[in-house]
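Peer 1: Predicted model and sequence below, questions to follow.
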Amino acid sequence: MARESSREFQERIKKEESTEFGRAPASAFANAIKQFDKAAERIQLTPNQVAMIKLPRKIVEVNLPVRMDDGSIRIFKGYRVQHNVARGPAKGGVRFHPDVNLDEVVALAFWMTFKCAVVNIPFGGGKGGVIVDPRELSEAELERLSRRYFAELIENFGPDKDIPAPDVNTNPQVMGWFMDTYSMHQHEYIPAVVTGKPLEIGGSAGRTEATAWGVVITVMDAAAHLGLDLKKAAIAIQGFGNVGSHTAKIFHDMGCRIAAVADISGAYICERGVDIAKALEHTAKNKTLEGFEKVFGCRKMNDPLDILELDVDILVPAALENQITAANAGRIRAKLVAEAANGPTTTEADDILEKKGVCVIPDILCNAGGVTVSYLEWVQNRTGYYWDRERVNDELKRITQQAFRDVLDTARFYDCSLRIAAYIVAIKRVTKASEIRGLYA
Ligand code: NAD
């Protein structure tokens, strides 16, 4: 089969599947449902149980009028999806991106339900998005859009209803505007309505690097399970943004060897180990790793997808969805794949990796560190007592390691992959909560 480039793949999947929530690249929701169905079949979930937990409970679409700096009014389409609230209020980020579409928001909300359940934090799943390229907006326009989004959907949000957080292209400042908008409407300070806030207004210590810490903790546990010596292992990390760069830094500081890193500009390989401090310095100055090979003297491959096929022990996809596909899964040489990104592996690729005996730490477990520390932020907001970074990281470690043990025990019991096991653990928890609550009216 001829090698498909990253661009060719993205072009092809744009033409593919559509679902009841609209057309979407490779239909993220169709992919999510396939994972769910496999696990549900394994535990023989009844049709009633499936009906209670599979589809999103609430979808809200809004057209947001925003006054631009030149006086004109532009309409932006926004969404909020609450997938399931059986175990607690909906929880999930808000994404600002030109490619946002309902199918993707539904899939992301769906993953949040099962992510919160697998790490056993008392939240359901939600997600939001606005179709916008924030780079085209001034700071003032971005603030007006953020506030209008929150105000328009205010009935849906609340510390016990639905708690947003940052996602692609939204940051602590946007969370600050969300929290202020809500608090102004309620006439009181309510920080627990949003997480991922700046520290000065109720954010938690350790939130920025929490997802990366979660990735590292699950990799340490999986390496112990596989008998892989982390100090001798070669690691490759695709994506050098929040999750990828912090993961690289933590591993580097632990004395591990990062043999390659990649971002949108390409893959950078150095078998003796990439100097992560230099890479961070480079991206702080230049935004991307472009030109890093000249500064550091490493090999560059122009297609960032190439990093996936390197001869390494551990591969961390930390960039985008649909990176490991049927087109490249057969050539992956790593023994362990840690899904730091959401949905980086298609279901077809997952089957190929499983047959090859590659251990995959599934996204809903691997990247749950962010939402776990969001939960700790919400707890701190509600008690009014704030913890130091050490306490936050200790709690994160305890929760993540317990989740890893639950998933590993389940994988052994059902003789299945960690992904199916993670879904089994999560589906059982959501189903149980739904049944205990019962069906109102
Ligand atoms: P980010 O925007 O900070 O970084 C994304 C990185 O991916 C950048 O380095 C970018 O250059 C790179 N990239 C983009 N396109 C690429 C391509 N085609 N090939 C290789 N690299 C490419 O995003 P982030 O917050 O680090 O999130 C990364 C992934 O992790 C996403 O899937 C996100 O949903 C998931 N995630 C993030 C968090 C979090 O707390 N930030 C939590 C859970 C899951």
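Peer 2: Nice, I can see it. Residues are numbered from 1 along each chain as shown.

Peer 1: what's the nearest residue to residue 28 if we skip its chain neighbours?
Peer 2: residue 107 (3.6 Å; CB to CB, 6 or more residues apart in numbering). Heads up, the C-betas are built off the backbone N, CA and C, glycines and all.

Peer 1: To clarify, my last question referred to residue 203.
Peer 2: Nearest to residue 203 is residue 197, by CB to CB, 6+ apart, at 4.1 Å.

Peer 1: go on, residue 392?
Peer 2: Counting by CB to CB, 6+ apart, residue 206 is the residue found nearest to residue 392 once chain neighbours are left out, at 4.0 Å.

Peer 1: wait, is that neighbour part of a strand?
Peer 2: No - remark: residue 206 does not belong to a strand; assigned using DSSP: H, G, I helix; E, B strand; the rest coil, it is coil.

Peer 1: what number of residues lie near it?
Peer 2: For residue 206, the neighbour count with other CB atoms under 10 Å is 21.

Peer 1: surely it meets residue 389?
Peer 2: Yes - counting by CB atoms under 8 Å, residue 206 touches residue 389, with 4.6 Å between them.

Peer 1: Tell me the buried residues in stretch 114-125?
Peer 2: 114, 115, 116, 117, 118, 119, 120, 121, 123, 124, 125 (16 or more other CB atoms under 10 Å).

Peer 1: Show me those residues that map onto strands.
Peer 2: Among the buried residues of stretch 114-125, DSSP state E puts 124, 125 in strands.

Peer 1: want to throw the buried residues of stretch 114-125 into CSV with distance to the ligand?
Peer 2: Formatted as CSV, the buried residues of stretch 114-125 follow (distance: CB to the nearest ligand atom, whole Å):
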residue, distance to the ligand
114, 13
115, 8
116, 12
117, 15
118, 13
119, 12
120, 17
121, 14
123, 14
124, 17
125, 13
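
Peer 1: Quick check, the residue nearest to residue 28 in contact with residue 35.
Peer 2: No - using CB under 8 Å, residue 107 makes no contact with residue 35, being 10.3 Å away.

Peer 1: Which one's more surrounded, the two?
Peer 2: Using other CB under 10 Å as the criterion, residue 107 and residue 35 rank with residue 107 on top: 28 against 23.

Peer 1: hey, C-alpha coordinates of the helix or strand encompassing residue 181 in PDB?
Peer 2: Counting by DSSP states H and E, the element that carries residue 181 is helix 172-186. C-alpha atoms of helix 172-186 as PDB (Å, rounded to 0.1, in the frame of the first residue of the first chain):
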ATOM      1  CA  PRO A 172      -7.000  30.600  31.800                       C
ATOM      2  CA  GLN A 173      -7.900  34.100  30.700                       C
ATOM      3  CA  VAL A 174     -10.900  32.900  28.800                       C
ATOM      4  CA  MET A 175     -11.900  30.900  31.900                       C
ATOM      5  CA  GLY A 176     -11.500  34.100  33.900                       C
ATOM      6  CA  TRP A 177     -14.000  35.900  31.600                       C
ATOM      7  CA  PHE A 178     -16.400  32.900  31.800                       C
ATOM      8  CA  MET A 179     -16.300  32.900  35.600                       C
ATOM      9  CA  ASP A 180     -16.700  36.700  35.900                       C
ATOM     10  CA  THR A 181     -19.700  36.600  33.500                       C
ATOM     11  CA  TYR A 182     -21.400  33.900  35.600                       C
ATOM     12  CA  SER A 183     -20.600  35.600  38.900                       C
ATOM     13  CA  MET A 184     -21.900  39.000  37.600                       C
ATOM     14  CA  HIS A 185     -25.200  37.300  36.700                       C
ATOM     15  CA  GLN A 186     -25.500  35.600  40.100                       C
END
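
Peer 1: Strands along this structure, start to end?
Peer 2: So, for the chain - with DSSP E - the strands run 18-19, 22-23, 58-67, 73-84, 90-97, 124-131, 162-166, 234-238, 257-263, 266-269, 299-301, 314-317, 336-338, 359-361.
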